[in-house]
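Enquirer: coordinates for the following, if possible.
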Amino acid sequence: MRIDFFEEFPDDENLKKAKLINFNSTIYIAAKSFRKFQLLRKRLNEVNPKLEAGYWPILEKSYWISPFSYTYELKNLFNDLEQNKLATKKLKVLVDLELPFLNKKLFFVNLFSFFRNKKLIKKIFKNSDRLKIDILTAEYAPFSGLHQKILQWLGVSYPVEKFPHKKIIMFYSSMIKNKDSQNSIKQIIIEKSKQYRQHFQVGLGTIATGILGDEPILSPKNLDKDLAFLKKHGIETAVIFRLGGLNKEYLKIIKKYL
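Expert: Here you go, the predicted structure:
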C-alpha cells in the first residue's frame with residue numbers, strides 16, 4: 001500500500017515531519033499561489049529530497065473549490081496552473097472540492113455564478129493534459145448512490161469517465177461518530193474502489209487539526225483499523241490528513257501496511 005499525506009499548514013515545523021518518512025510518498029502542500037507552492041516544494045526537498053510534492057491550491061477568499069467560489073478566483077487558479085504547461089514532468093494537483101461552510105455567505109453571494117463556476121472547474125479537468133497536471137480531487141464521502149448524485153449536481157464531485165482524474169474520498173473516521181454512518185460510507189468506498197480501481201484513493205484522519213480547528217484526532221489504534229479496512233478491500237493508496245501530526249507512534253502503524 002502507498003501512503004501519502006496532506007499538509008494544510010506547511011510551515012517549517014510541519015514540513016520538518018517529512019524527515020520521519022523513509023518510503024515513497026507524495027505530500028500535498030497547501031498554497032495560495034503556484035509561486036508560493038514552488039518555494040514550499042523547495043523547502044520540502046531540503047528536508048527530504050526523496051519525497052514528491054503535490055500542489056494543493058487554496059483560494060484566498062473562497063478557500064475551498066466549488067461552484068460557490070468567487071468566479072475571479074477560479075479564473076486566477078486556471079491562469080496560475082498555466083505556469084506549469086512547459087514542465088517536463090506532470091505535476092500532481094489536488095483540487096479540494098468542498099462546499100463553503102467556512103464562509104456560508106458564499107452560498108448566497110455566488111448563487112447566480114453557480115453554473116458559470118461549474119464550467120470553470122470543468123475547464124481545469126478538460127485542460128489537464130495541456131497544463132501538464134494530474135488532477136486528484138478531495139471529495140466528501142457519499143452516504144449513498146443518491147447522495148453521490150447530489151454531490152455531482154452541486155459540483156463537488158465529477159465522474160472519472162468524463163473528466164479524467166483520481167478521486168480521494170475523505171473518510172475521516174475520527175469525525176464520523178455514528179457507526180451506521182461509518183458503515184454506509186465503508187460500503188460506498190468498497191463499491192467505488194471496484195468501479196474506479198486505480199483512479200480511487202481514500203483520505204484518512206485526522207491526526208492533526210485542520211482549518212476548522214476542532215477536528216477530533218484519530219488514535220493510532222483507529223488508524224490501524226482504517227488502514228486494515230483499505231488493505232482488506234484492495235485499496236492501494238491512502239492519503240493521511242495531515243503530515244504535521246505524524247509521529248513515531250503513527251509511523252509504526254503505517255509501516256505495517258507499506
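Enquirer: kindly check the end-to-end length of stretch 80-91 for me.
Expert: 13 Å (C-alpha to C-alpha, to the nearest Å).
Enquirer: show residues contacting it.
Expert: 33-35, 54-55, 57, 93, 124, 130-134 (C-beta atoms under 8 Å, 6 or more residues apart in numbering). (C-beta placed from N, C-alpha, C; glycine too.)
Enquirer: and that stretch, what's buried?
Expert: Buried positions in stretch 80-91, judged by neighbour count with 16 or more other C-beta atoms under 10 Å: 80-81, 84, 91.
Enquirer: which SS state does D214 fall under?
Expert: When classified by DSSP: H, G, I helix; E, B strand; the rest coil, D214 comes out as coil.
Enquirer: longest strand in this protein, please.
Expert: strand 133-140 (DSSP state E).
Enquirer: what is that one packed up against?
Expert: strand 91-96, strand 166-171 (3 or more C-beta pairs under 8 Å, 6 or more residues apart in numbering; DSSP states H and E).
Enquirer: P67 contacts L154, doesn't it?
Expert: Yes - assessed by C-beta atoms under 8 Å, P67 is found in contact with L154 at 7.2 Å.
Enquirer: so for the two, which residue has more residues nearby?
Expert: P67 (24 against 16; other C-beta atoms under 10 Å).
Enquirer: circling back: quick one, which of the helices and strands packed on strand 133-140 gets closest to L218.
Expert: Smallest distance to L218 across the helices and strands packed on strand 133-140 (C-beta to C-beta): 10.6 Å, for strand 166-171.
Enquirer: how close does P49 get to E7?
Expert: Distance check for P49 against E7: by C-beta to C-beta, to the nearest Å, it reads 17 Å.
Enquirer: L230 now?
Expert: 21 Å.
Enquirer: who's more crowded, the two?
Expert: Comparing L230 with E7 by other C-beta under 10 Å, the one with more neighbours is E7, at 27 against 21.
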